[in-house]
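Q: Here is a sequence together with a model predicted from it:
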Amino acid sequence: MEISYFRTHSKLFEIIWPREISLSILQEQLRVKAYLEKEYAEGIKEIRMGFNTLSLRLTKDISDKDCFDLVGEIKSSTLSVFEYQPKTWEIPVCYDEVFGKDLNNLSKIHKIPIEDLIHIHHSNLYTLHFYGFLPGFMYLGGLDARLFCPRKEKPDRLIPAGTVAIGGQQTGIYPSDSPGGWHAIGKSPVKLFDIQQDPPCHAQVGDKIRFLPITKEKFYQIQKNVQNGQYTLKHD
Amino acid sequence: MIKIPSYIHFTQAGLMTSIQDLGRFGAAQYGIPYSGAMDRYALAQVNFILGNPKGAAVLEMAHTGPEIVFERATRIVFAGAEADIYLNGRPVKYGQVTEIQEEDHLIVKKIRKGQWLYMGIQGGFESETVSGSKSWYRGVSPRDKVVKGDSICYLSEEERFYPPVETNAKIRSDWFRPSQINVYPGPEWHKLSTLLHNRILKKAFTVSELINRMAYQLEEEIANELDPILTAPVYPGTVQLTPSGRLIVLMRDGQVTGGYPRILQVDNISLNVLSQKKAGEKIKFGLIDEK
C-alpha cells in the first residue's frame, strides 16, 4: 500500500494515497477506514474521505511520530478481513432534452450524436467514492473519457434537484437545487437525499451506481410515486 | 419548575437571522456541513451568563437585525457583535441579563461593530433537532433563515432566576479586535515556494464583500503555482487557494470536500475572531509552529 500522511495539528491528520481516481485506492481507503474504526474507535471523532485521502479528526492528541507509526502499522497489517461488499443501485434517469439541456451542446463539442452520448453514459457502472459539495451529492468514479468536458466558464444560476450532469472528469446528480457549472444531460425523478430518513442517503461509499434510461412518461410516473412515498430505490 | 412553551414572533426578519448551536457532527459522511454559530465564543458567553447548557440554541443575526415580540416572560443576553438594541424603546446593555415581560417589543438595529450578533434566551430556543443539532441549514433543517411573520419556541420559566456569575462580570466585544489570525500549515502548504510562504505570512489581507456563513473570500491575489487537487476533505477554517490566486476561508456552513489546494488551517479560536471581521478589515496570518 502506497500511503503517506500529513498532520495539520494534534487533532487533525490525513492519510494520502497517490494522486489518482482509482477503484483499488478506494478499496484500500475503505479497508483502512474500517480497521481504524475498529482499533481506534475511542480516539476518532470523525473520518472524511476524498479521492486519495482519508482525513481523521481526533478526540486525543497525536504527535508526528504517532502518525508515522500508525502509517507503518497500517502498511504491515492484514486488512483483507475489512473488505467491503458493495451493492449496486439502479437510478432511473430520463435523458430527454427537456431535462438534458446541454445534450445538444455536448454533442457538438464531442462530435458524438446525442443517442451515442446517452448510451455511453448509461453503459458504464459507476462507483461512489464519497459524498461532498452538497448534502447527498455523490462523487462518482467511472465516467468514460469520451464524455470528459470542462465545467462551464459561467456557472448556471439554478440547476434543478435531480439533474444528472457532467463536469470535468466526473458525472453526478444534483440532490438539491443549486447553482453549478456542470453540463445537464438528464434528470432522475428519485429523491437522493432525504434528511427524514436514517441514513439520509441510499448508497454507501464503495457501492455501485447504474443509470437506467427511462422515458418521459416513466419519469413522471416515478415522480408521482416518489411524492406519494410509494417508491423505493432498487439494489441487487 | 413550570415551563410554558412560548414564542418569539418576528414582526421584521432581519437580513440573516437564524437559530444556531454548536453544530451537527457525524453527518459529514453524507455531505452535510457542521453549521453552528459563526462565533462560538459569543455563543458560549450568552449561554454561560444565562446558566444554560453550553450548546443551547441561540438566535444569530447579521447586518440588520430583526424586530421581535415576546409572548411570555423570560431572560435574554446579547453578545458577539455590537448593535443598537432597544427594548420597548429603551437601550439594552451588551453582555448582561435583560428581564423580558409579556408582550415586550425588541428592536435590533444596524450592527455597528463586528459581524455576528447573538441573543441567548433562558433555557435556549426549542427549534427542531435534526441529526443532533438545532442549527439551521438549507435542505437539512426545516427552515434556513427567519422570514417576517415567523415564530420560534422557547420555554418560559416562572421560577426565580439565579445568575451563575457575578452580574457585574464584564463582557466586552474587544476580544475580536486582533488582526492576527493564527493558522496551521495545510496539506498543500509545503507545495508552495518559500517566496510565496513569506508573501502570504507577511502580507495584510483584506476581507472582501463576499462573506457569508459558508466562506469568507479575501481580496488580495497571490500567484497560484499549484494545480487543483483531487477533491479532498475540508473543514471550517480551511484556507483554499483558488485558481485566480484569491484565498477563500471556509466557515461553519462550508462544504465538506473541496478541489482547491488547502494551504492553511485556521485555529479554532482565531476562526471566531475572523468571523467577526467586516468587509474592508485587514487580517494577517500568523503561523503556529508546533515543533
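A: Thanks, I have the structure now. Numbering: from 1, shown residues only, chains lettered A, B, ... in the order given.

Q: List the contacts of A:Gly168.
A: Shown in contact with A:Gly168 (C-beta atoms under 8 Å, 6 or more residues apart in numbering or on different chains): A:Phe148, A:Cys149, A:Pro150, A:Arg151. The C-beta positions use only the backbone N, C-alpha and C, and glycine is treated the same way.

Q: If we use 10 Å, what do you get?
A: When contacts are counted by C-beta atoms under 10 Å, 6 or more residues apart in numbering or on different chains, A:Gly168 touches A:Leu143, A:Phe148, A:Cys149, A:Pro150, A:Arg151, A:Gly181, A:Trp182, B:Pro228, B:Thr231, B:Gly259.

Q: do the same with A:Asp116
A: By C-beta under 10 Å, 6+ apart, the neighbours of A:Asp116 are A:Ser107, A:His110, A:Arg146.

Q: Give the rounded mean pLDDT of the longest helix seen in chain B.
A: If you go by DSSP state H, chain B has its longest helix at helix B:40-50. In this model, helix B:40-50 carries a mean pLDDT of 95.

Q: Show me what the helix or strand just after it is packed against.
A: Using DSSP states H and E, the next helix or strand after helix B:40-50 towards the C-terminus is strand B:58-62. Where contact means 3 or more C-beta pairs under 10 Å, 6 or more residues apart in numbering or on different chains; DSSP states H and E, strand B:58-62 is packed against strand B:18-20, helix B:40-50, strand B:74-87, strand B:105-121.

Q: Give me the contacts around the very next helix or strand once past strand B:58-62.
A: For strand B:58-62, the following helix or strand on the C-terminal side (DSSP H and E) is strand B:67-70. Taking contacts as C-beta under 10 Å, 6+ apart, the residues outside strand B:67-70 that touch it are B:6-14, B:17, B:59, B:76, B:86-87, B:100-109, B:119, B:121, B:146, B:148, B:151-152, B:154, B:156.

Q: Walk me through which strands strand B:67-70 pairs with, and which way each runs.
A: strand B:3-12 (antiparallel), strand B:105-121 (antiparallel) (DSSP bridges).

Q: Packing partners of the next helix or strand after the last one?
A: Where DSSP H and E defines the elements, the next helix or strand beyond strand B:105-121 is strand B:151-157. Packing contacts for strand B:151-157, counted by 3+ C-beta pairs under 10 Å, 6+ apart, involve strand B:3-12, strand B:67-70, strand B:74-87, strand B:105-121.

Q: Can you add mean neighbour count and mean pLDDT and give those back as a markdown table?
A: Compiled in a markdown table, those are given as follows (neighbours: other C-beta atoms under 10 Å in any protein chain shown; pLDDT from 0 to 100):
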| stretch | mean neighbour count | mean pLDDT |
| --- | --- | --- |
| strand B:3-12 | 16 | 95 |
| strand B:67-70 | 20 | 98 |
| strand B:74-87 | 23 | 96 |
| strand B:105-121 | 21 | 95 |
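
Q: and A:Gln85, which of those is closest to it?
A: For the helices and strands packed on strand B:151-157, the distance to A:Gln85 is smallest for strand B:105-121, at 46.2 Å, taking C-beta to C-beta.

Q: relative orientation of the closest one and strand B:151-157 in degrees?
A: Computed by axes from the mean of the first three to the mean of the last three C-alpha atoms, to 10 degrees, the angle separating strand B:105-121 from strand B:151-157 equals 70 degrees.

Q: could I get the strands paired with strand B:67-70 as JSON lines with distance to A:Ile3?
A: Output for those, formatted as JSON lines (distance: least, C-beta to C-beta, whole Å):
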{"stretch": "strand B:3-12", "distance to A:Ile3": "52"}
{"stretch": "strand B:105-121", "distance to A:Ile3": "40"}
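
Q: Figure out which of those strands is closest to B:Phe48.
A: Nearest to B:Phe48 among those is strand B:105-121; the distance by C-beta to C-beta comes to 8.9 Å.

Q: Export the helices and strands packed on strand B:58-62 as CSV, with columns for distance to B:Val183.
A: What follows is these, written out as CSV (distance: least, C-beta to C-beta, whole Å):
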stretch, distance to B:Val183
strand B:18-20, 24
helix B:40-50, 18
strand B:74-87, 22
strand B:105-121, 19
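
Q: what's the domain layout of chain A?
A: Annotated domains of chain A cover A:4-82, A:88-235 [automatic domain parsing].

Q: how about those domains in CSV, adding mean pLDDT?
A: Below are the domains of chain A laid out as CSV (pLDDT from 0 to 100):
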stretch, mean pLDDT
domain A:4-82, 96
domain A:88-235, 95
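
Q: Output the ones you listed as JSON lines; include the columns distance to B:Ala81.
A: Converted to JSON lines, the domains of chain A look like this (distance: least, C-beta to C-beta, whole Å):
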{"stretch": "domain A:4-82", "distance to B:Ala81": "28"}
{"stretch": "domain A:88-235", "distance to B:Ala81": "28"}
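
Q: contacting residues around whichever residue of the stretch 1-150 of chain B sits closest to chain A?
A: Closest approach between the stretch 1-150 of chain B and chain A, counting by C-beta to the nearest C-beta: B:Gly31, at 3.8 Å. By C-beta under 10 Å, 6+ apart, the contact list for B:Gly31 reads A:130-139, A:175, A:193, A:200-201, B:255-257.

Q: bridging residues for A:Lys187?
A: Under the criterion used here (DSSP bridges), A:Lys187 is bridged to A:Cys94, A:Thr163.

Q: count of neighbours near it?
A: 27 (other C-beta atoms under 10 Å in any protein chain shown).

Q: Then the one 4 residues further on?
A: Close neighbours of A:Lys191, defined as other C-beta under 10 Å, add up to 20.

Q: which residue is nearest the middle of the chain?
A: Because you didn't say which chain, this covers chain A. A:Tyr139 (2.4 Å; C-alpha atoms, centre = their mean).

Q: Correction: the question concerned chain B.
A: Short answer for chain B (C-alpha atoms, centre = their mean): B:Met38, at 1.6 Å.

Q: Once you drop chain neighbours, what's closest to it?
A: Spatial nearest neighbour of B:Met38, chain neighbours left out: B:Ser275 (4.1 Å); criterion: C-beta to C-beta, 6 or more residues apart in numbering or on different chains.

Q: Neighbour count for the contacts of A:Asp116 - can I get that in JSON lines?
A: Below are the contacts of A:Asp116 laid out as JSON lines (neighbours: other C-beta atoms under 10 Å in any protein chain shown):
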{"residue": "A:Ser107", "neighbour count": "17"}
{"residue": "A:His110", "neighbour count": "15"}
{"residue": "A:Arg146", "neighbour count": "12"}
